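J.: structure of the sequence below:
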Amino acid sequence: MNDMQYLGSLALLAACSAGLGLKLHRRNRQLEAEKRASAHTRTFHTLFNITRGGLALLDASGRFIDTNPGCGKMFGYQRDELLAMNISDLSTHARDALSGNLGLIKDDGSGVVESLCRCKDGRMLQVEITSTLVPDSNGMLFAIFRDITERKTTEEMRLRLETQLRHAQKLEAIGTLTSGIAHDFNNLLNAILGNSELALQDLEKNHPVLPSLHEIRKAGRRAKELVNRMTSFASPQESKVRLLQLVPVVEDVLKLVRASLPASVDIQCRFASSLPRVLIDESQISQLLLNLCTNSYQAMDQHQGLIEVSLDIHHVNAEEAELNPQLKEGNYVCLQVRDNGGGIHPEHVERIFEPFFTTRPAGDGTGLGLSIVHTIVRGHGAAIAVHSSPGRGASFRILFPVAYDSDAITAEATPLATTSVKKESQHILYVDDEESLVFLTKRLLERHGFRVSGYTDPKSALNDFLMKSHEFDLLITDQSMPGMCGTDLAREILQQKPGTRIVLVSGYLQAHEIEHARSIGIREVITKPNTVDELVLAVQRILSQGDMENVPA
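T.: Coordinates of the predicted model:
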């Protein structure tokens, strides 16, 4: 073999070696890639199976190709059961959305939809489904299922609470407006009622003006009742609650209702036996039930109808208490009034407890009945719910918390010992910023034998009292006055002369304001508008009590 042949053989051997090395290199890279792919696959399957949420692969038609254990646990199915199902078996809405009919699939092949899905046991879950197209898979989808039922429930509760808060704020604002109107109207009514009383006393029995004056007084008293209903909404008065059975209270009211309604309206009662007692103000509950029955009758348009009144025991569980912030877990006595009247339109249901809101024709009803019901319910720590739809009547359910003997209010008012009052020796200081009321009240009390000094300026009244405090036996003061309110005037006087007998007159005082007035030494609070008899009896009652020492300033 010559040199040339030898060199050629070496070159051929080198070329073969290089080719074999390249093949081996390529094979090694392929094996490494397969190992990495296998590792990625194992990692994916591990993550796929250990993820707590629901994961699934779906084909283009929505059929399950693969699912993780979390998906089966969420919907209550075994894996083999899901693999035989289509997503439409869980939710038709989800199937339509995932197919792109609702625009779920975006340009990047992903999307999110919320859907109501049915589980194997019939439960309904609010589910958020996040999906994405698998590349080069002929429409295969990778979907993530997340149970958002609890979140949705929380959101609904928050919205409900916000609605209740807005409603409460609206009622509070209307109550404030009502109280302002009532204050001015009370002063006018006092003047009308008082002067009509004086005129009736001054005229002879057969005077031709007497019938007109009687009608004026009658209208004034009706107006007084209306104002009292307004102020009972705006400022719930101090109630006299007792531990009572509701059944006898309801029975007594229904006797009155039966007598006032036509025979075409049937009243049916259903009372559970052995109902526990509740802490209630009997007069307020009577007014509540009377208003509800009247409302039911008016809903019948005075045609033949049925009113059902029932009393039963109801247990509020933790879930119900969580949905209604007015309730706590425990036992309640449920008073229900149901009728077969025309029902309430949905847009009116949320407004029926607003004062002056009514669907009745103008002049037919004041719109205060249900607002007063709401106020009474609130004052008793109870809760009220209404269920109604047009043409199917209405049902009002009121839950009163069950009370026990330890909850009873046992303090009763102690009758005052009465003594004779020498009116001509009693000097009264009367203060009100309304000149007409000062003039009227001075005449009324003087006619009953008292000496009266009247003032329209509380500061002038205070100065005169400080100069000759020994001359006055009783102070009667209005609460709302410019410059100085009645309680401030009373405090100044009591600092100078502790034990002074003081009567506060107001058309709008809340329970805590009345408590404060009594705490500083005010003997009695009279609500405007008041009649002659009410005022005179209050004066005689206070003057007969004698002086009080060590009254807190």
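J.: what about the stretch 301-450 of the chain, any weak spots by pLDDT?
T.: For the stretch 301-450 of the chain, applying pLDDT under 70 flags the ranges 301-303, 345-351, 354-369, 404-425.
J.: what values do phi and psi take at the closest residue to residue 506 other than its chain neighbours?
T.: With sequence-adjacent residues excluded and distances taken as Cβ to Cβ, 6 or more residues apart in numbering, residue 506 is closest to residue 479, at 3.7 Å. Every C-beta, even on glycine, is put in place using the N, C-alpha and C of the backbone. Residue 479 adopts backbone torsions of phi -90, psi -50, taken as degrees, to the nearest 10.
J.: isn't residue 479 right next to residue 485, touching?
T.: Yes - taking contact to mean Cβ atoms under 8 Å, the distance of 5.8 Å between residue 479 and residue 485 places them in contact.
J.: and these two? Which one has more around it.
T.: In this view residue 479 and residue 485 are compared by other Cβ atoms under 10 Å, and residue 479 has more residues nearby, 22 against 17.
J.: give me the number of residues near residue 398?
T.: As a burial measure, the neighbour count of residue 398 was computed by other Cβ under 10 Å and equals 23.
J.: err, residue 284, not the other one
T.: By the other Cβ under 10 Å criterion, the neighbourhood of residue 284 contains 22 residues.
J.: quick one: contacts for residue 120?
T.: With contact taken as Cβ atoms under 8 Å, 6 or more residues apart in numbering, residue 120 is in contact with 75-77, 81.
J.: and the nearest residue to residue 400 once chain neighbours are set aside, what does it touch?
T.: Spatial nearest neighbour of residue 400, excluding adjacent residues (Cβ to Cβ, 6+ apart): residue 278 at 4.3 Å. Residues in contact with residue 278 (Cβ under 8 Å, 6+ apart) are 243-244, 246, 333, 400-403.
J.: still on that earlier bit, return the subset of the contacts of residue 120 lying in helices.
T.: Among those, the members falling in helices (DSSP state H) are 75, 81.
J.: mind giving me the PyMOL select for the contacts of residue 120, buried ones only?
T.: Only the buried members of the contacts of residue 120 end up in this PyMOL selection, burial being decided by 16 or more other Cβ atoms under 10 Å:
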select buried, resi 75+77
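J.: and which of the contacts of residue 120 is nearest to residue 523?
T.: Ranked by distance to residue 523 (Cβ to Cβ), the contacts of residue 120 are led by residue 76 at 71.4 Å.
J.: secondary structure element for the closest residue to that closest one other than its chain neighbours, which one?
T.: The spatially closest residue to residue 76, leaving aside those adjacent along the chain, is residue 120, at 3.7 Å (Cβ to Cβ, 6+ apart). Residue 120 is part of no helix or strand when elements are defined by DSSP states H and E.
J.: just the helices in the stretch 201-350 of the chain please.
T.: Taking DSSP state H, counting those that start in this stretch as the test, the helices found in the stretch 201-350 of the chain are 210-234, 246-260, 282-299, 318-323, 346-349.
J.: deepest-packed of those, please.
T.: Ranked by mean neighbour count, these are led by helix 282-299 with a mean of 21 (mean count of other Cβ atoms under 10 Å).
J.: and the angle from that helix to helix 246-260?
T.: The directions of helix 282-299 and helix 246-260 differ by 40 degrees, with axes from the mean of the first three to the mean of the last three Cα atoms, to 10 degrees as the criterion.
J.: output the contacting helices and strands for helix 282-299.
T.: Judged by 3 or more Cβ pairs under 8 Å, 6 or more residues apart in numbering; DSSP states H and E, the packing partners of helix 282-299 are helix 246-260, strand 305-316, strand 330-339, helix 369-379, strand 394-401.
J.: so which bits of the fourth one are buried?
T.: The reference is to helix 369-379. Under the neighbour-count rule (16+ other Cβ under 10 Å), helix 369-379 has 369-379 buried.
J.: out of the contacts of residue 278, who's nearest residue 156?
T.: Nearest member of the contacts of residue 278 to residue 156, counting by Cβ to Cβ, is residue 401, at 25.7 Å.
J.: what is the neighbour count of the closest one?
T.: Number of residues near residue 401 (other Cβ under 10 Å) recorded here: 19.
J.: how close does it sit to residue 310?
T.: With distances taken as Cβ to Cβ, to the nearest Å, residue 401 is found 18 Å from residue 310.
J.: can you check residue 340 too?
T.: Remark: distance between residue 340 and residue 310 (Cβ to Cβ) = 14 Å.
J.: equivalent analysis for residue 79, please.
T.: For residue 79, the distance to residue 310 - Cβ to Cβ - is 52 Å.
J.: again with residue 498
T.: Relative to residue 310, and taking Cβ to Cβ, residue 498 is found at 55 Å.
J.: rewinding a little: so which of residue 79 and residue 310 has more stuff around it?
T.: Between residue 79 and residue 310, counting by other Cβ under 10 Å, residue 310 is the more crowded of the two (17 against 13).
J.: show me what contacts that one?
T.: Contacts here follow Cβ under 8 Å, 6+ apart; on that basis residue 310 touches 269-271, 334-336, 338.
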